[in-house]
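> I'll drop the sequence and a predicted model, then ask my questions.
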Amino acid sequence: MKMILEQQIRSVLGEMQKAGTLPVFEVPEIRVERPKEEQFGEYSSNVALMFAKQAGKSPMELAETIRQQLLYLCHSESSEAESRNLEIPRQARDDNEKLFEKIEVVKPGYINFYLSQKALGAVVREVLAKKERYGESEIGNGIKVNNEFISANPTGPLHLGNGRGGFYADVLSRVLRKAGFEVTNEYYINDAGEQILKLGHSVLKDSEAVYSGEYIDELNKRLTTDDLKQKVKEVGEKAAGIVMEEMIKKTLQEKMQVSFDVFTSEKKDIEENGYINKALEILRAKENLVYENEGALWLKTTLYGDDKDRVLLKQDGAKTYLASDCGYILYKMERSFERIIEVWGADHHGYVARFRAAAQALGFTGKVDFILVQLVKLVKDGEEVRMSKRAGNVITIDKLIEKVGHDVARFFFLLYAPETQMNFDLGLAEERSQKNPVFYVQYAHARLSSILRKAEEEGLAKTSGDLNLLVHPKERELICELLFFPELMETIARDFTVHRLPQYAIRLADKLHSFYADCRVLNGENKELSLARLELIKAVKVVLAETLDVMGIAAPEKM
RNA sequence: GCGCUUGUAGCUCAGUGGAUAGAGCAUCUGGUUGCGGUCCAGAGGGUCGCAGGUUCGAUUCCUGCCAAGCGCACCA
């Protein structure tokens, strides 16, 4: 709908330029937006403001001219342009009705569009016809996306930052799939580096111990057998395996309810399969990409915008983390991913430039997107709570979910943009669970379910109503929210702003509750109206359930 | 010192090159004996960190400054 309008305005401008009523100038971008206030209609465009200068007309004058042309287009029988792409206008046209009730030009030079009753009814029909497929699109075009997230070291439990990034990326993958991308959710297990030795020392509780906590005590009991006592690396590897299988995976599946398609092991999949060496060979084979200096092998990451070049092989010949990542990138390339998403803790942002450089150096031509998730700051009684892995006083995502419940934790973390350094007030954690807007949204769904159950009992559920009766302002607002859902999904698939989703859910629930207060659905004096409202209610339920489902949150029939 | 991120209502956070800057919580007022009150309606509360600049128009873009967080390894 939005795109159709943008196209139409563009073509109108084009026609005017051809006809000579407008000077010829570049039209870079036509923007049709959703106005902030309902009184300004369902859609709005500021093109006239943008191009007034180049057109040599006042914004109001230009807007009015465009409006006239658009009206002509809408009414013209021969115009196929607007009915080509979407059900709404096509259906509206089938009924020989226009798409817009009115198009207005307002003050500084806005053009505001108000949808017709027919078009609104068509939205409800479309939702009911498509059901849970409403909101799907093809913008992803089957592109293979590798979505790597969490990837926490297998040295301890997942913390709140892991949880935040995990939920965010998990939901992103669902949105991308609905938008037609082929997404693989991947967890990279760093089981080959220095930290495995540290884990080994910690489990053995020797002088080089780093980590502590109950799980370390338990591992100590299980692994400090006579034959293992001196073998730090072996202990570390065994411990890492246990941490991964018995702690992290459990948290992911049972507590967080995120699912991964692939767990890639640095040791088994990358190192032992020779990907690192293969990557080094590829880099060496290219002109001027690597060089030796002071006995180390360097990658010229500065060629791709990094501040300084980076070491691949140390003086002693050992591989750096970057070398290992080169192997990993190559492994992803071999699996023919066209796009890579990396969700990292913001404390790793310094690594972004060299990762990008490495990908380019290896010949990866697709897009690499980074989502840098800020760590979660814990606050209690107005004071920041300092946590340290060494001290073992970390609040884990497990503990949080146990405390507030899965849906609340998920919703809370999804609500904020990843780059905000959010404060999480521990003291308010439980209280927050009572006040969390997720219940507001779920309650709306339960309320809808309840009305529909009742309608069923009264035998009203099967008959369909006349959607032209839905003329109440609250009904109109509700339908408009339904109309915006597909646009929302596409927006998120483009710019990864997952946090728009819970915000949308709150707004939809809000409109529903408000509608409910003013518009009686059942047992009203007008049975036809009841039937029409039932249709609307069903559609709202579909979209609300879908929104919750994409977020991975339950849509309860009762609460 | 350099770099990245952030600075919007009492608190937690949305948002935008343009129409009176929004939501939730908190505070206050009113409604609702219900198709589930886990609700609805309304009020108060803002120099959009500060100062310049670009623009017809900046909270949004640019520069400088201030503050907070995080980085700045031949660690991972």
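It's in. This structure is a prediction, so every number in the text was calculated from the model and none was measured.

> List the backbone torsions phi and psi for residue A:478.
Main-chain torsions, residue A:478, degrees, to the nearest 10: phi -60, psi -50.

> Can you tell me how far it is from RNA strand B?
Computed as Cβ to the nearest atom of the strand, to the nearest Å, the residue A:478 to RNA strand B distance reads 12 Å. Just so you know, the C-beta spots here come from the backbone N, C-alpha and C atoms, and that holds for glycine as well.

> can you count the residues close to the residue of the stretch 201-350 of chain A found nearest RNA strand B?
Closest approach between the stretch 201-350 of chain A and RNA strand B, counting by Cβ to the nearest atom of the strand: residue A:350, at 2.3 Å. Neighbours of residue A:350 under the rule other Cβ atoms under 10 Å: 8.

> same check, this time on residue A:19
9.

> just the one 3 residues further on next, same as before
Around residue A:22 sit 22 other residues, with neighbours defined as other Cβ under 10 Å.

> Shouldn't it be within a strand?
No - under DSSP: H, G, I helix; E, B strand; the rest coil, residue A:22 falls outside any strand and is assigned coil.

> any idea how far residue A:546 is from it?
Distance from residue A:22 to residue A:546, counting by Cβ to Cβ, to the nearest Å: 43 Å.

> next one: residue A:124
Distance, residue A:124 to residue A:546, by Cβ to Cβ: 15 Å.

> What of residue A:27?
From residue A:27 to residue A:546 the distance is 35 Å (Cβ to Cβ).

> quick one: which of these two has more around it?
More crowded of residue A:27 and residue A:546, by other Cβ under 10 Å: residue A:546, with 22 against 16.

> how about that one, secondary structure?
Secondary structure, three-state DSSP: residue A:546 is helix.

> Now do the same contact list for it.
With contact set as Cβ atoms under 8 Å, 6 or more residues apart in numbering, residue A:546 has these partners: A:132, A:134-135, A:485.

> repeat that with 6 Å
Residue A:546 sits next to residue A:132 when contact means Cβ atoms under 6 Å, 6 or more residues apart in numbering.

> repeat for residue A:258
By Cβ under 6 Å, 6+ apart, the neighbours of residue A:258 are A:166, A:170, A:252.

> Any idea how many residues pack against residue A:323?
That count, for residue A:323 with other Cβ under 10 Å as the rule, works out to 23.

> ok, and the closest non-adjacent residue to it?
Nearest residue to residue A:323 in three dimensions, chain neighbours excluded: residue A:312, at 4.5 Å (Cβ to Cβ, 6 or more residues apart in numbering).

> and the one you found, that's in a strand?
Yes - secondary structure of residue A:312 (three-state DSSP): part of a strand.

> Which residues of the stretch 51-200 of chain A lie near RNA strand B?
Contacts of the stretch 51-200 of chain A with RNA strand B, taken as Cβ under 7 Å from any atom of the strand, map to A:53, A:106-108, A:110, A:112, A:153, A:190, A:192-195.

> Of these, keep whichever come out buried.
Among those, the ones that count as buried by 16 or more other Cβ atoms under 10 Å are A:110, A:112, A:153, A:190, A:192, A:195.

> can you tell me which of the residues you listed are in helices?
residue A:195 (DSSP state H).

> Closest one to residue A:306 out of the buried ones among the residues of the stretch 51-200 of chain A next to RNA strand B, please.
Here the nearest of these to residue A:306, counting by Cβ to Cβ, is residue A:190; it sits at 21.7 Å.

> can I assume the closest one is in contact with residue A:154?
No - Residue A:190 lies out of contact with residue A:154 (Cβ atoms under 6 Å); the separation is 7.2 Å.

> could the buried ones among the residues of the stretch 51-200 of chain A next to RNA strand B go into TSV alongside pLDDT?
Below are those laid out as TSV (pLDDT from 0 to 100):
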residue	pLDDT
A:110	89
A:112	90
A:153	94
A:190	95
A:192	91
A:195	91
